[in-house]
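K.L.:
Predicted model and sequence follow; I will ask about them next.
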Amino acid sequence: MKFIITLLINAGILLGMTFVLPSVRIKNYRTAILVALVIGLLNATLGMFLRFPMNVVTLGLISFIVHLLVTAIMIKLADKFFDDFEIKGFTPALIIALVMAVAGAII
């Protein structure tokens, strides 16, 4: 149940960011849900392989920043999978990752 709620909140964050950031475009809510699902799956699989070596190198001291960077990379990667989802630049992906992290911490 928590997974579904987190998925819907992340989809809402993605849609909300389209109004705040002009460089983010999502066609509809269905696309936002699919993008949020893909970002979650990429974070759970590929993100783990990216986070682990980065945390070892930094001794886990900046693990929050590592998590933000990896999530932003996964958002940019999800941008390549969907035609209805577009992010121009890395900074908007980093902002979306930060908002998702704050919302995840609140939940």
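P.N.:
Cool, the structure landed. Residues are numbered from 1 along each chain as shown.
K.L.:
sec struct for Leu15, please.
P.N.:
What DSSP: H, G, I helix; E, B strand; the rest coil gives for Leu15 is helix.
K.L.:
So it sits against Ala32, correct?
P.N.:
Yes - Leu15 is within contact range of Ala32, at 4.8 Å (criterion: Cβ atoms under 8 Å). C-beta here means a position set from N, CA and C on the backbone, and glycine is covered the same way.
K.L.:
and for these two, which residues touch both?
P.N.:
Taking Cβ atoms under 8 Å, 6 or more residues apart in numbering as the contact rule, Leu15 and Ala32 both touch Ile26.
K.L.:
Looking at these two, which has the bigger crowd around it?
P.N.:
A direct count of neighbours by other Cβ atoms under 10 Å for Leu15 and Ala32 places Ala32 higher, at 25 against 18.
K.L.:
Near the closest residue to that one other than its chain neighbours, how many other residues are there?
P.N.:
In this structure, Ala32 finds its nearest non-sequential neighbour in Ala11, 4.1 Å apart by Cβ to Cβ, 6 or more residues apart in numbering. Using other Cβ under 10 Å, Ala11 has 21 neighbouring residues.
K.L.:
per-residue confidence for Ala11?
P.N.:
The model reports Ala11 with a pLDDT of 91.
K.L.:
Is it within a helix or a strand, and which one?
P.N.:
In this assignment (DSSP states H and E), Ala11 forms part of helix 2-20.
K.L.:
That helix: what's the following helix or strand?
P.N.:
Where DSSP H and E defines the elements, the next helix or strand beyond helix 2-20 is strand 24-26.
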